[in-house]
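A.B. asks: only geometry, no sequence info:
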């Protein structure tokens, strides 16, 4: 990895892209410390510390939510808007036609996604402002509206920064913003571990165990992220005029973790929403029962969380991967899977293989998501900064960015057949 970065720095175009990306990330981290006017940040920080849902948002935003800065909502509304647009593409024929129209259709869908992001950001800003009314210095309607508009503008700016990184920098801009937010919390986590070690809260063996577990989990994430089930595809020869096309063998790659981290985000949001509602009814026996039975770390919460991740993995994979379209495309270009008839039998075969591969990816995502429970029991480290979801995002984004760098370098290092 270090050698790849060194080689990339020597290429002028790549160096320019890397500098641009780092500049945009610096702007993001700078904005994470610009407070929203009219809010007592200390009161809000105490509110975040006592709330599981707010704590989840704070991890994604890289501490911007706890500081209640202009980037407090992070890029979450854009992620939600992108997911909604992907789901609507399957349901609405007009969007499905746009998705198949190539570059112009994708630009139109991107434009719709931006509009939906602003709408969702404003709604989430209103909800966030209402939830933290105790931290408002002057709780008036105009102040609520000003805070919500400020948060919406911050999300819109982050969306623009992400798109600029994708277009002019290196890597996926939105993913890199989330990556930077999670990594920015690492120094404070290391200082906390050092403080625990100094005060005797933990011992050196617990710390070493944490390092070993982290290394093993990172290795497992890399293996699963890179894992593929390759279905062989044979293309028949076609004669067009005087030219002969096809006749080669290739493969159809099915990734083990096709859904990425989206199912974990879905499941986390749904599991935390009832808990947040229950906290508003302090004197309710039903709310107290729910908070005691389905609290984070309990058996029922962990089991339901894992099952929801597995279910969402299958659902999201089915949305983004259509075996019928894949089989039609193979047949359209004169291809076939050896031993499988073209058309419907090919689609059924791809669907069957995809179901088995998705099961492995879904179980892995569930294990990664509930990993902090077992790490806490094994190491006895309080307030542990070892989230499986965070590691999954960080490792996945790092791998994707390094692949893009290597592809740029390969294009510029190619010397042809004659040196």
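C.D. replies: Nice, I can see it. Bear in mind the structure is a predicted one, so any value in this text is a computation, not a measurement.
A.B. asks: Any idea how far stretch 299-316 is from the middle of the chain?
C.D. replies: 17 Å (C-alpha atoms, centre = their mean, to the nearest Å).
A.B. asks: what pLDDT, on average, does it get?
C.D. replies: Averaging pLDDT along stretch 299-316 gives 88.
A.B. asks: For residue 176, which non-adjacent residue is spatially closest?
C.D. replies: residue 165 (5.9 Å; C-beta to C-beta, 6 or more residues apart in numbering). Placement of C-beta: from N, CA and C, glycine included.
A.B. asks: Correction: the previous question concerned residue 83.
C.D. replies: Per C-beta to C-beta, 6+ apart, closest to residue 83 is residue 262, 6.6 Å.
A.B. asks: rewinding a little: now the residue nearest to residue 176: how far from residue 26?
C.D. replies: Using C-beta to C-beta, to the nearest Å, residue 165 is found at 12 Å from residue 26.
A.B. asks: Between the two, which is the more surrounded one?
C.D. replies: More crowded of residue 165 and residue 26, by other C-beta atoms under 10 Å: residue 165, with 25 against 11.
A.B. asks: Would you double-check that the more buried one falls in a helix?
C.D. replies: Yes. Looking at residue 165 with DSSP: H, G, I helix; E, B strand; the rest coil, it is inside a helix.
A.B. asks: confidence score at it?
C.D. replies: Confidence score, pLDDT, at residue 165: 91.
A.B. asks: ok, which stretches of the stretch 301-419 of the chain are helices?
C.D. replies: With helices called from DSSP state H, counting those that start in this stretch, the stretch 301-419 of the chain shows them at 323-332, 344-369, 371-379, 388-413.
A.B. asks: Would you tell me which one of the ones you listed is buried the most?
C.D. replies: Mean neighbour count (mean count of other C-beta atoms under 10 Å) peaks for helix 344-369 among those, with a mean of 18.
A.B. asks: starting at the chain centroid, how far to that one?
C.D. replies: On C-alpha atoms, centre = their mean, the centre of helix 344-369 falls 20 Å from the chain's centre.
A.B. asks: Count the residues that sit near residue 309.
C.D. replies: Neighbour count of residue 309, defined by other C-beta under 10 Å: 27.
A.B. asks: Just checking, which helix or strand of this structure averages the lowest pLDDT?
C.D. replies: helix 52-61 (a mean of 62; mean pLDDT, DSSP states H and E).
A.B. asks: pretty sure the residue nearest to residue 83 is touching residue 319, no?
C.D. replies: No. Contact criterion C-beta atoms under 8 Å: residue 262 and residue 319 do not qualify, at 9.7 Å.
A.B. asks: who has more neighbours, those two?
C.D. replies: residue 262 (21 against 16).
A.B. asks: For that one, what are phi and psi?
C.D. replies: The phi and psi values for residue 262, taken as degrees, to the nearest 10, are phi -60, psi -50.
A.B. asks: Contacts only, for it.
C.D. replies: 83, 312, 316 (C-beta atoms under 8 Å, 6 or more residues apart in numbering).
A.B. asks: Tell me the pLDDT of the residue most central in space within the chain.
C.D. replies: Of all residues in the chain, the one closest to the mean position by C-alpha atoms, centre = their mean is residue 261, 4.8 Å from it. Per-residue pLDDT puts residue 261 at 78.
A.B. asks: My understanding was that it contacts residue 395; is that so?
C.D. replies: No. Judged on C-beta under 8 Å, residue 261 makes no contact with residue 395 at a distance of 10.2 Å.
A.B. asks: Residue 233: what secondary structure?
C.D. replies: Look at residue 233: counting by three-state DSSP, its state is strand.
A.B. asks: show me the contacts for it.
C.D. replies: Neighbours of residue 233 in contact, by C-beta under 8 Å, 6+ apart: 249-252, 330, 335-337.
A.B. asks: And those residues, which is closest to residue 73?
C.D. replies: Closest approach to residue 73 among these (C-beta to C-beta): residue 252, at 38.8 Å.
A.B. asks: could you list every residue that touches the closest one?
C.D. replies: Residue 252 neighbours (C-beta under 8 Å, 6+ apart): 230-233, 326, 330, 337, 350.
A.B. asks: still on that earlier bit, the contacts of residue 233 in strands, which ones?
C.D. replies: Members of the contacts of residue 233 lying in strands (criterion: DSSP state E): 249-252, 335-336.
A.B. asks: Now, of those, which are buried?
C.D. replies: By neighbour count, with 16 or more other C-beta atoms under 10 Å, those hold 252, 335-336 as buried.
A.B. asks: Which of these sits closest to residue 182?
C.D. replies: residue 252 (32.9 Å).
A.B. asks: Who does that closest one form a beta bridge with?
C.D. replies: Going by DSSP bridges, residue 252 is paired in beta bridges with residue 231.
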